[in-house]
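[1] need a structure here:
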Amino acid sequence: MKSILSTSQRIAAVSFLPSIVLFVSSCFLPAIEDGEWGTLLGGGCLIFIPYCIAFPAWYANPILFVGFLGAACGSSTALISVGIFATVLAASFSLLPHPNLTLQIGYWVWLASYLCFVLGAVRCHMLKPPEETPEFL
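    The predicted structure is shown next:
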């Protein structure tokens, strides 16, 4: 039985699965504790846009989504750059002082999903099958 996915797509599916699992898991875990609002789950941080877009780290989410779309298309070289950029944005939240906020486990799982994305992109790049070249007679 022939697979409907190409070799590159199968490699991408396996490579990015840990990132997807961590990202989705982080949505159900406490991400930050705010003195005024209480504890926000990761999913709340994702959709509570008026509060969260003030932080550059939030913009890592749409960038990661674009990265996953790129993974489906098989562009492994650009994915490494996209992943690193998104990871730096995501990590920026932990590097800037926020006197009223305490980072919880959901934030760290969310950040780990970005690191797994970068590792998945590197794995895709390393395991990318050689380009098929036409044979000339």
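
[2] now do the helices in this structure.
    Assigned by DSSP state H, the chain shows helices spanning 7-26, 42-47, 49-52, 60-73, 76-95, 105-127.

[3] tell me what the second one is packed against?
    If you count contacts as 3 or more Cβ pairs under 8 Å, 6 or more residues apart in numbering; DSSP states H and E, helix 42-47 packs onto strand 30-34, helix 105-127. Quick note: C-beta positions are derived from backbone N, CA and C, even for glycine.

[4] which positions in that helix come out as buried?
    42, 44, 45, 46 (16 or more other Cβ atoms under 10 Å).

[5] how about the helices and strands packed on helix 42-47, which one is nearest residue 67?
    helix 105-127 (6.2 Å; Cβ to Cβ).

[6] what is the rounded mean pLDDT of the closest one?
    Averaging pLDDT along helix 105-127 yields 90.

[7] just the CA trace of it, in PDB.
    Output of helix 105-127 as PDB, limited to C-alpha atoms (Å, rounded to 0.1, in the frame of the first residue of the first chain):
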ATOM      1  CA  ILE A 105       4.800  25.400  34.300                       C
ATOM      2  CA  GLY A 106       2.600  26.200  31.300                       C
ATOM      3  CA  TYR A 107       5.000  28.900  30.200                       C
ATOM      4  CA  TRP A 108       7.900  26.600  30.300                       C
ATOM      5  CA  VAL A 109       6.100  23.800  28.500                       C
ATOM      6  CA  TRP A 110       5.100  26.400  25.900                       C
ATOM      7  CA  LEU A 111       8.700  27.500  25.500                       C
ATOM      8  CA  ALA A 112       9.800  23.900  25.200                       C
ATOM      9  CA  SER A 113       7.400  23.500  22.300                       C
ATOM     10  CA  TYR A 114       9.400  26.100  20.500                       C
ATOM     11  CA  LEU A 115      12.700  24.400  21.200                       C
ATOM     12  CA  CYS A 116      11.200  21.200  19.900                       C
ATOM     13  CA  PHE A 117      10.100  23.000  16.800                       C
ATOM     14  CA  VAL A 118      13.700  24.100  16.100                       C
ATOM     15  CA  LEU A 119      15.000  20.600  16.800                       C
ATOM     16  CA  GLY A 120      12.300  19.200  14.500                       C
ATOM     17  CA  ALA A 121      13.400  21.600  11.700                       C
ATOM     18  CA  VAL A 122      17.000  20.600  12.100                       C
ATOM     19  CA  ARG A 123      16.000  17.000  12.000                       C
ATOM     20  CA  CYS A 124      14.000  17.600   8.800                       C
ATOM     21  CA  HIS A 125      16.900  19.400   7.200                       C
ATOM     22  CA  MET A 126      19.400  16.600   8.100                       C
ATOM     23  CA  LEU A 127      17.100  13.800   7.000                       C
END
